[in-house]
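Engineer: output the structure for:
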Amino acid sequence: MTTIVLPRLLGTREKAEAIVAGAGFSNEVSRSVEVAARAVKTATPSFVNAFVEELHKRGVQEIRLLGASERFAASLEAEGANLDVRVLVGISA
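Structural biologist: Below is the predicted model:
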């Protein structure tokens, strides 16, 4: 399973695209991804939208979210629901 560690500030669509592109996805589809969000202090709606979209494009169907604030978790859950990407909060593989 791919693990993505998010930085403190998440502000742009370009940042989301760069984080996902640098995550080391293989050519095989990864259905689940673990996202470590303990350091996140702020994330814009455009970042969240692009982050979930980029993961969805790579075939991700499930985000396992660790250490996220309630607000960040809720925004990822809402965006995930729009794309049929399930967000599991506080669940590790």
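Engineer: could you use CA atoms for every contact and neighbour count after this?
Structural biologist: Will do.
Engineer: what sits closest to Gly90 if chain neighbours are left out?
Structural biologist: Taking Cα to Cα, 6 or more residues apart in numbering, and ignoring the residues beside it in sequence, Gly90 has Leu66 as its nearest neighbour in space, at 4.7 Å.
Engineer: contacts for the helix or strand hosting Ala74, please.
Structural biologist: Element membership for Ala74 (DSSP states H and E) is helix 70-82. With contacts defined as Cα atoms under 8 Å, 6 or more residues apart in numbering, helix 70-82 is touched by 42-43, 45, 48-49, 52, 65, 86-87, 89.
Engineer: can you list the strands that the helix or strand following that helix pairs with?
Structural biologist: Tracing the chain C-terminally past helix 70-82 and defining elements by DSSP H and E, one meets strand 86-89 next. Using DSSP bridges, the neighbouring strands of strand 86-89 in the sheet come out as strand 62-66 (parallel).
Engineer: chain center to the partner strand: distance?
Structural biologist: With Cα atoms, centre = their mean, to the nearest Å as the basis, strand 62-66 stands 7 Å off its chain's centre.
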